[in-house]
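Novice: okay, here's the prediction I keep looking at, along with the sequence it came from:
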Amino acid sequence: AQSVTQPDIHITVSEGASLELRCNYSYGATPYLFWYVQSPGQGLQLLLKYFSGDTLVQGIKGFEAEFKRSQSSFNLRKPSVHWSDAAEYFCAVGTRFSGGYNKLIFGAGTRLAVHP
Amino acid sequence: SQTIHQWPATLVQPVGSPLSLECTVEGTSNPNLYWYRQAAGRGLQLLFYSVGIGQISSEVPQNLSASRPQDRQFILSSKKLLLSDSGFYLCAWRGGGAGDTQYFGPGTRLTVL
């Protein structure tokens, strides 16, 4: 069965420090991969996605992620964190269906705290 | 542009009472529609999805049901709420294209007492 693992439940970084959030997936084919961010009490906002092509993808708010097939990983990075980045981050896998994807499988999320 | 609405934003209901949550999408036609539940401190669990009017796929057998009476309307219901139904309910939509992204609504916070 498909699954998504985000090993870090909580991460705390200082403002201005670099950030890497880990995501590993289990899926038989090349998946569609997503990172979403959720502020408290809000819906989810898409940060970036990977479908095919260049394995390093750029997203909004200065985030990027790299797809590594050999490691079944899609880690999210940001070179310098801002206090406004404090939120919960979700990695998700889209299971392929008829050439596209239908359902998303989410990881449990990583809650990011940012110290001033 | 497309927008997605959910209401109510918050709801407090007694155990055993019925439930109806509504989700509507504007600015698109024939979207795929999804209901997710997010329990406290946990990730998102897909409950139902729909690829068209009257077409509902259930992911997790439970106390809830879903209906899609119109193209851009998706309703989540229960006849009798349980304490375990408490959580944050998110509706999402995506277009029919292979590369389309899922976009989420603002959510409904349900507390069952």
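Specialist: That came through fine.
Novice: what's the mean pLDDT across stretch A:24-44?
Specialist: Averaging pLDDT along stretch A:24-44 gives 89.
Novice: kindly report the residues of chain B close to chain A.
Specialist: B:32, B:34, B:42-46, B:49, B:51, B:59, B:90, B:92, B:96-107, B:109 (CB under 8 Å from any CB of the partner chain). C-beta here means a position set from N, CA and C on the backbone, and glycine is covered the same way.
Novice: how far off centre is stretch A:23-30?
Specialist: Averaging C-alpha positions (CA atoms, centre = their mean, to the nearest Å) puts stretch A:23-30 13 Å from its chain's average.
Novice: cool, stretch B:48-58 as well?
Specialist: The answer for stretch B:48-58 is 11 Å, by CA atoms, centre = their mean.
Novice: who's in contact with that stretch?
Specialist: A:102-103, B:30, B:32-35, B:47, B:59, B:64-71, B:74, B:76 (CB atoms under 8 Å, 6 or more residues apart in numbering or on different chains).
Novice: pairing partners for the one helix or strand B:Ser20 maps to, with directions?
Specialist: Using DSSP states H and E, B:Ser20 maps to strand B:19-26. In the sheet, strand B:19-26 lines up against strand B:3-7 (antiparallel), strand B:73-78 (antiparallel) (DSSP bridges).
Novice: just the C-alpha atoms of the shortest one, please, in CSV.
Specialist: Yep, that's strand B:3-7 we're talking about. The C-alpha coordinates for strand B:3-7 follow below in CSV (Å, rounded to 0.1, in the frame of the first residue of the first chain):
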residue,chain,number,x,y,z
THR,B,3,-12.8,29.7,-5.3
ILE,B,4,-14.0,27.1,-2.8
HIS,B,5,-16.3,27.7,0.1
GLN,B,6,-17.1,25.7,3.1
TRP,B,7,-19.8,26.3,5.7
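Novice: next SSE after it?
Specialist: Once strand B:3-7 ends, the next helix or strand along the chain (criterion: DSSP H and E) is strand B:10-13.
Novice: with the longest one instead?
Specialist: Where DSSP H and E defines the elements, the next helix or strand beyond strand B:73-78 is strand B:87-94.
Novice: mind listing what's buried along stretch B:35-53?
Specialist: B:Trp35, B:Tyr36, B:Arg37, B:Gln38, B:Gly43, B:Leu44, B:Gln45, B:Leu46, B:Leu47, B:Phe48, B:Tyr49, B:Ser50 (16 or more other CB atoms under 10 Å in any protein chain shown).
Novice: pLDDT and secondary structure added to those, as TSV?
Specialist: Output for the buried residues of stretch B:35-53, formatted as TSV (pLDDT from 0 to 100; DSSP: H, G, I helix; E, B strand; the rest coil):
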residue	pLDDT	secondary structure
B:Trp35	95	strand
B:Tyr36	94	strand
B:Arg37	94	strand
B:Gln38	91	strand
B:Gly43	82	coil
B:Leu44	90	strand
B:Gln45	89	strand
B:Leu46	90	strand
B:Leu47	93	strand
B:Phe48	92	strand
B:Tyr49	89	strand
B:Ser50	90	strand
